[in-house]
Structure formats: C-alpha cells, structure tokens
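*Asks:* Got a predicted structure plus its sequence, pasted below:
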Amino acid sequence: MSDVRTLVSPATLARPRGRAVYWSVFTGVVVLFTLAFLFPVYWMVTGAAKSPDEVAQTPPTLVPKHWHLSGYTDAWDLMQLPQHLWNTVVQAAGAWLFQLVLCTAAAYALSRLRPAFGKVILGGILATLMVPAQALVVPKYLTVADLPLIHTSLLNDPLGIWLPAVANAFNLYLLKRFFDQLPRDVLEAAEIDGAGRLRTLWSIVLPMSRPVLGVVSIFALVAVWQDFLWPLMVFSDTDKQPISVALVQLSQNIQLTVLIAAMVIASIPMVALFLVFQRHIIAGISAGSTKG
Amino acid sequence: MTKTTAARPTAPEAIAVRPVRTPPPVRDRRRRRLADQARAYAFLVGGLLCFALFSWYPAIRAVVIAFQKYTPGSPPEWVGTANFTRVLHDPEFTAAWRNTLTFTLLALLIGFAVPFVLALVLNELRHAKAFFRVAVYLPVMIPPVVSALLWKWFYDPGTGLANEALRFLHLPTSNWSNGADTALVSLVLVATWANMGGTVLIYLAALQSIPGELYEAAELDGANLLQRIRHVTIPQTRFVILMLMLLQVIATMQVFTEPFVITGGGPENATVTVLYLIYKYAFLYNDFGGACALSVMLLLVLGAFSALYLRLTRSSEEGA
C-alpha cells in the first residue's frame, strides 16, 4: 500500500516465497489479535447473555444456547446502573468543563500574558509531573475532606472530582505548548484591532486550538471515567458512586451473569467514544504523546 | 481595555503626533503594568488555586503528617520518626515492596518485550492496519475495573476461561490468581493485556520514523533480518524504548486496581502492593501518619525515576 521502506525490502516481499511468508505471518497475527483482544470482549458480551447454569458449565458453550437479555435488564434495574452511569457522566462532564475553562485560561496566561513569577509557577506545575498522583492520594484525601481556611468537606460531592481534576499538569502543559506556537502576528493584529485579552482568547486562540482542545477533552473524559482509587476514597455514599466504584462494591453479592452484563454496560460509553474518535485518538497517541 | 489600545500608536496620525508628545510619566506606566498583571492573574488564578490545593499542599502535607500522629478531627501530635519505624517493622511492608518490585520487573519483561515485537511485526504488515490498531487499543478503553473483574472471572479455577483453554489444549490447569505463587504473574498478565495498546502504538510511530534508506544501506552491506533489527531498528528507537520503560516503571509501581479487585492482596499477602498498603493504613487501620510515611517513601523512589525521565526528555528536545 505505502511505499515506505521498512525492515523487509519490497523486493523480498515480491518474490513468491516472500509473499507466502508475508501472508502466513499476516494470518497468524490476525488470529492472535482476534483471540487475545477481541475474544475476551466477545466472551464478556455473550457470557452476560447466557443463563446462570450455562455460564457455569464445563466445557463452556461458544455461543449462548438461548440469548437471555434478562442479565442485561436485571443489571440495569438491580444494580441501579442508571443512577451510577449518571453519576459518572456528571463527574466526567464537570471535570472536563472545569479543566477546559481553568486550564485553558491558565495556559493562555502563562503562554501569552507574561505574569510576574510565571516561570516559577510553570516550574511548580511541571514539578507535579515528577510526583506521581497516586502516591499522594492520602494527603489529597485529607485536604479534600477538610479544605484549608474555609474548612469545608468535598467528600461525597462531585466537586471532589472536578476541582482536583484541574490540577493536571500534563494537559496544562500540552495547551501552553500549543499556545506558544501560535503565530504572533495574528494575535498582535487582534490586539491592534482593539480586542481585549478575553476576546482574543475566545475568538482567535481557541478556534485555532481545536486539535489540542480535542486531545485534552478526550484525555480529561477518559481519565475520570476510568479512575477507580480516587472516587473510591471520595464517595463513601453508595448513591453517589460512579460506575467503576459501584461495580466493585456490588460484585460480591450479585449473580455472575448480572455482574457481567453490568460490566458490558459500563464499558459501552468509552468503547463507543473510541470507535467514533479512533482515528483522532490513535493519531494523538502516535504523535509522540508520552502518556503511555 | 480601551486604555491599552489608546496608548498604542495605531494610526499614521499617532506616529506623526509622537515627537510632540512627551513620554508618559513613570507612574502611569507602572499603573498600566500593574493592570496588565492583574489581568494576567485573573486568567491564572483558578488553575493556580487548584494546583496549590490539590498538588502542592498535599505534597507538603504528606511530609508533615509522616512525622505526626494524625486523626481527622483532633489536633495532630508530633511523634518524630515513630511512624517510619512502625511501618518498617510491619511484615506487610517487606511483602508490599517485594511484590511491587517483582510486579514492576515482570511487567517490564512481559509488558515491554511483547509490545515491541508486536509493533515490529505490525510495521511490516501492509493490510488491515486499522483493524490491528483498533484491536490492540480496545482493551485500553475498557474501564480498568471491568478488565480486572473480567479476568477475575477468567481466572476462576473451576469454570474460568483460562483453565478451560488449558483443558482444551490438554495442558495441566493452574490456580492463577488464587495460588500464592501464580497470583502476581496472573495480575501482571491482566495489566499487560489492559495497557499494551498505548505502548504498541507509540512503538509503531517510532518505527515509522526510521528512514528507509538506513535499511536499504544495511541490506546492501549484506545485513540479514536479525542484524538489521540489531543495528538499525534498536539504535534508532532506543530513546523511545528507554522512555517508555521508565514511564512503565513509574506506572506499575503505583498498581492498585488489579490487586484490590482481583485478589484483595491475597493469597497470603502475595499481591499486596505499596499503594494498596497505603490505602489499608489510611482506610482500614485509620493510621494516617503511617500512610503518609509510606507515601513519602514511595514518593522518593518514584521521584527518582521521574527525574531521570524528565532529564532524558529534556536532553532529547535539546538534541533535536
């Protein structure tokens, strides 16, 4: 397809023997990928559609004998999935919005408005990249439980997810780097035309920054949706827990098929997001993003 | 806002007038600079406050509480290094560090070699590229909790998929996550399965940036396939490999979800990790001083790795 030269030369591939080796390797990799990555997902989706007896049967059935949708409907009703999904949506959407507004504004200030001590502040923000977040969950929890000076607790409150999400040095740095590279003359022209800083940010900088805003949005949404330890600490109140925490808490005493169905439902939003935006997501990661 | 634009010479008339006008007095300039600063900080303040509250302050607090007896609601007491000695004498402490280091090492061996080989093969394939990329990245998009629960079910010694597959192949079955000696490896497999997609994609991107002429030249010099991998591919991607290795060390040393969900730290503490132990000190023993002492230790180790990582990325940016 492409003419890019790789490890194996096109001449070798063109020979009959080369072609035979190529196609057998190709088939092998297709089979391997299907078994390793798609089959477990298939097993989960069909496992939830089996009857409780069938799912515990040895040897297992490859395809459910009868498709039971009751696993899915039971999960929806018994595990209060609408409630937990809604909690997750609220937490993820709020974290996304707070991050987009506050990180963008801060990145713009650091990149363009030359605040006093800007270098020190940027250094302090980048230093948090060196301090992995998970190692600080306990003191962070104590802070959220009793905010300094105002002595309010954000536990069992979505703000406990939203505000800490803003302290994301990686996303802020991504935005700042992008703003740094915007052409100066365009921004200066806007200023000369009498646009204030907010106006410049809103109608010049942001429209030009669509790609990086997309990447940051996806990172922000995925991070909150996938997180477990932090919401486990913040939400002791069962009714407010996001789906990830609720799944683990409820997994102990629920029928296996119902649990599997709930797992499928919990995965759908992120998998759908991925399938819709896969080209952007894959391109974003391949573009040398180091968030491995 | 009008003040700044008015002060700037925008139209030709303004320039023509300029020699007549005296420069603005120092006080005015200073006031304008102050207003600029106020505006800059108005943009900055929200983000800054969040960093201060949820990143900087907790980091300082971790160190402070590590030397205190701390119970929420009552005034803290200074206890010197008592938290550290108590934590160091906990038999789980040794187990947690041993498990975390073993986990990291295994994750490096499996989670590093496998993606590299996969990327190497994928880069040679000319068909169905989109399929491979989507398939390998799919597990990354499944919530980690779901992956963990899924594999907990697969690892069920009786009816789990893992043992069914072994039986199908007429191989002896295993206890997987339920056996003291296989539990840790089982968790590494889950973590690798769930996280490999990102690594494969980054390696692929690195492989694609290798100039084709290098391979051509090597081939003209008579280098066979393995020699080309050794003398062209690996040196050309060495930096990405090193960076991802460090990132993986940092990530796997903070492993929590898999042991918490799949094994609960068991059997016989075989899968208790450092972060899990921190969680236990805080939320089971209500010992926040001990939890912070542990956090500080983990922080120092991870901080060393992170510093190395940042140093490497910076030197590469300067080199590029």
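*Replies:* Arrived safely. Residues are numbered from 1 along each chain as shown, chains lettered A, B, ... in the order given.
*Asks:* got the contact list for the closest residue to chain A within the stretch 201-320 of chain B?
*Replies:* Residue of the stretch 201-320 of chain B nearest chain A, by C-beta to the nearest C-beta: B:G212 (2.7 Å). Yep, even glycine has a C-beta here, placed from its N, CA and C like the rest. The contact partners of B:G212, by C-beta atoms under 8 Å, 6 or more residues apart in numbering or on different chains, come to A:4-6.
*Asks:* my guess is B:T273 meets B:A96, correct?
*Replies:* Yes. Using C-beta atoms under 8 Å, B:T273 makes contact with B:A96 at a distance of 5.9 Å.
*Asks:* Overlap in contacts, these two.
*Replies:* With C-beta under 8 Å, 6+ apart, B:T273 and B:A96 have no common neighbours.
*Asks:* These two - which one has more neighbours?
*Replies:* Higher neighbour count among B:T273 and B:A96: B:T273, with 29 against 26, using other C-beta atoms under 10 Å in any protein chain shown.
*Asks:* so what's the more buried one closest to, chain neighbours aside?
*Replies:* B:T100 (4.8 Å; C-beta to C-beta, 6 or more residues apart in numbering or on different chains).
*Asks:* same check, this time on B:A282
*Replies:* B:A291 (4.0 Å).
*Asks:* buried sites along the strand or helix carrying the residue nearest to B:T273?
*Replies:* Assigned by DSSP states H and E, B:T100 belongs to helix B:91-124. For helix B:91-124, the buried set under the neighbour-count rule, 16 or more other C-beta atoms under 10 Å in any protein chain shown, comprises B:92-93, B:95-97, B:99-104, B:106-107, B:110-112, B:114-116, B:118-123.
*Asks:* what sits against the residue of the stretch 1-150 of chain B found nearest chain A?
*Replies:* Going by C-beta to the nearest C-beta, chain A is nearest to B:G47 of the stretch 1-150 of chain B, at 3.0 Å. When contacts are counted by C-beta under 8 Å, 6+ apart, B:G47 touches A:102-103, A:105-107, A:166, A:172.
*Asks:* Report the entries of these that also contact chain B.
*Replies:* Applying C-beta under 8 Å from any C-beta of the partner chain to these, one finds that A:102-103, A:105-107, A:166, A:172 fall near chain B.
*Asks:* about what we covered before: taking the contacts of B:G47, tell me the two that lie furthest apart.
*Replies:* A:A107 and A:V166 (11.5 Å; C-beta to C-beta).
*Asks:* Between the two, tell me which one has more neighbours.
*Replies:* A direct count of neighbours by other C-beta under 10 Å for A:A107 and A:V166 places A:A107 higher, at 29 against 26.
*Asks:* quick one: the more buried one and A:L172 touch, right?
*Replies:* Yes. Between A:A107 and A:L172 there is a contact at 5.3 Å, judged by C-beta under 8 Å.
*Asks:* If you average the pLDDT over stretch B:300-312, what comes out?
*Replies:* Stretch B:300-312 comes out with an average pLDDT of 82.
*Asks:* Give me the buried positions along that stretch.
*Replies:* Result for stretch B:300-312 [16+ other C-beta under 10 Å]: buried residues B:301-303, B:305-306, B:309.
*Asks:* so how far is that stretch off the chain centroid?
*Replies:* Using C-alpha atoms, centre = their mean, to the nearest Å, the mean C-alpha position of stretch B:300-312 is found 12 Å from that of the whole chain.
*Asks:* Nearest to chain B: which residue in the stretch 51-200 of chain A?
*Replies:* Taking C-beta to the nearest C-beta, the stretch 51-200 of chain A has A:A106 as its residue nearest chain B, at 3.0 Å.
*Asks:* Centre-most residue in chain B?
*Replies:* The centroid of chain B falls nearest to B:A251 when counting by C-alpha atoms, centre = their mean (3.9 Å).
*Asks:* Just give me the neighbour total for B:P75.
*Replies:* For B:P75, the neighbour count with other C-beta under 10 Å is 8.
*Asks:* Name the next helix or strand following the helix holding B:T100 along the chain.
*Replies:* helix B:129-141.
*Asks:* OK, contacts around the most centrally placed residue in chain A?
*Replies:* Central residue of chain A (C-alpha atoms, centre = their mean): A:V222, 1.4 Å from the mean position. Listed by C-beta under 8 Å, 6+ apart, the contact partners of A:V222 are A:270, A:273, B:141.
*Asks:* ok, and the closest non-adjacent residue to the first one?
*Replies:* Okay, so that is A:M270. In space, A:M270 is closest to B:M141, 4.8 Å off (C-beta to C-beta, 6+ apart).
*Asks:* Distance check, that neighbour against B:F168.
*Replies:* From B:M141 across to B:F168, the span is 29 Å (C-beta to C-beta, to the nearest Å).
*Asks:* Between these two, point out the one with more neighbours.
*Replies:* Per other C-beta under 10 Å, whichever of B:M141 and B:F168 has more neighbours is B:M141, with 22 against 10.
*Asks:* The more buried one contacts A:I268, doesn't it?
*Replies:* No. Counting by C-beta under 8 Å, B:M141 does not reach A:I268; the two are 10.5 Å apart.
*Asks:* Tell me where the model's unsure across the stretch 1-150 of chain A.
*Replies:* A:1-3 (pLDDT under 70).
*Asks:* That one: helices as residue ranges?
*Replies:* A:10-14, A:16-33, A:39-47, A:52-55, A:70-78, A:81-98, A:104-112, A:118-130, A:137-145 (DSSP state H, counting those that start in this stretch).
*Asks:* Take those helices and write them to JSON lines, including distance to A:L256.
*Replies:* Output for those, formatted as JSON lines (distance: least, C-beta to C-beta, whole Å):
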{"stretch": "helix A:10-14", "distance to A:L256": "48"}
{"stretch": "helix A:16-33", "distance to A:L256": "27"}
{"stretch": "helix A:39-47", "distance to A:L256": "8"}
{"stretch": "helix A:52-55", "distance to A:L256": "6"}
{"stretch": "helix A:70-78", "distance to A:L256": "9"}
{"stretch": "helix A:81-98", "distance to A:L256": "16"}
{"stretch": "helix A:104-112", "distance to A:L256": "45"}
{"stretch": "helix A:118-130", "distance to A:L256": "41"}
{"stretch": "helix A:137-145", "distance to A:L256": "31"}
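*Asks:* okay, and for chain B, where does confidence drop off?
*Replies:* Looking at chain B by pLDDT under 70, you get B:1-25, B:316-320.
*Asks:* Could you break chain A into its assigned domains?
*Replies:* According to automatic domain parsing, chain A is divided into the following domains: A:10-68, A:80-253.
*Asks:* Sweet, I'm off.
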